[in-house]
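In: the following comprises the amino acid sequence and a computationally predicted model.
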Amino acid sequence: MIIRSATEADVPQILKLIKHLAEYEKLAHEVVATEEKLTQTLFGEKSYAEVLMAEAEDGNIAGFALFFHNYSTFLGQPGIYLEDLCVLEEYRGQGIGMALLKRLAKLCVERDCGRLEWSVLDWNVDAIRFYEAHGATLMKEWITNRVTGESLEKLAAD
């Protein structure tokens, strides 16, 4: 298997994996990303996130990890936030998810980041067990907040 940084040529595959993950998470109705938006925000003049691609032994894309930097005021250091990690069903159990996590951890160390963070849906018991088995701590006392769409526009208004 090969873990590599995505290129602009990977955008169609990245969108396919995002849609696959959204279906798995029962959130397909929320996906409005397009190839154009991904190209602009991942590979445009200002990139907002990075993507690692996992290529299986058969040469096909087996999964991806999309991440970006955040910052911890308590640590006084940047961190990496893993937005999405997805391995296609037919490639699970081959160590691909672990290889993606290890590469992210290595990037954290190389970039002098203080932490690697991500969220997991509370019903995704398999993912929770996988993450905990590899040293992750569930932050049960923290609640994610989100403002989008009309609410975001209203909040931003004068």
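Out: Sure thing, it's come through.
In: ranges for the strands of the protein?
Out: Using DSSP state E, the strands of the chain run over 2-5, 50-55, 61-72, 77-87, 116-118.
In: who does the fourth one pair with, and is each partner parallel or antiparallel?
Out: Paired neighbours of strand 77-87 in the sheet (DSSP bridges): strand 61-72 (antiparallel), strand 116-118 (parallel).
In: what residues are up against Met98?
Out: Contacts for Met98 (C-beta atoms under 8 Å, 6 or more residues apart in numbering) come out as His134. Bear in mind the C-beta positions are built from the backbone N, C-alpha and C, glycine included.
In: distance of Leu104 relative to Asp10?
Out: Distance, Leu104 to Asp10, by C-beta to C-beta, to the nearest Å: 17 Å.
In: give me the angle between the helix or strand of the chain with the lowest mean pLDDT and strand 77-87.
Out: Least confident helix or strand of the chain, by mean pLDDT, DSSP states H and E, is helix 125-133 with a mean of 91. Relative orientation of helix 125-133 versus strand 77-87 (axes from the mean of the first three to the mean of the last three C-alpha atoms, to 10 degrees): 140 degrees.
In: packing partners of helix 125-133?
Out: Taking 3 or more C-beta pairs under 8 Å, 6 or more residues apart in numbering; DSSP states H and E as contact, there are no helices or strands that helix 125-133 lies on.
In: kindly export it (C-alpha atoms) in PDB.
Out: Taking C-alpha atoms only, helix 125-133 is exported to PDB below (Å, rounded to 0.1, in the frame of the first residue of the first chain):
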ATOM      1  CA  VAL A 125     -18.900   1.600  17.700                       C
ATOM      2  CA  ASP A 126     -16.400   0.000  15.300                       C
ATOM      3  CA  ALA A 127     -14.600   3.200  14.700                       C
ATOM      4  CA  ILE A 128     -14.600   4.100  18.400                       C
ATOM      5  CA  ARG A 129     -13.000   0.800  19.300                       C
ATOM      6  CA  PHE A 130     -10.400   1.200  16.600                       C
ATOM      7  CA  TYR A 131      -9.500   4.600  17.700                       C
ATOM      8  CA  GLU A 132      -9.400   3.700  21.400                       C
ATOM      9  CA  ALA A 133      -7.200   0.700  20.600                       C
END
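In: which residues belonging to that helix are considered buried?
Out: Buried residues in helix 125-133, counting neighbours by 16 or more other C-beta atoms under 10 Å, are found at Phe130, Tyr131.
In: start the count at 16 instead of 1 going forward.
Out: Renumbered: residue one is now 16, and that last one reads helix 140-148.
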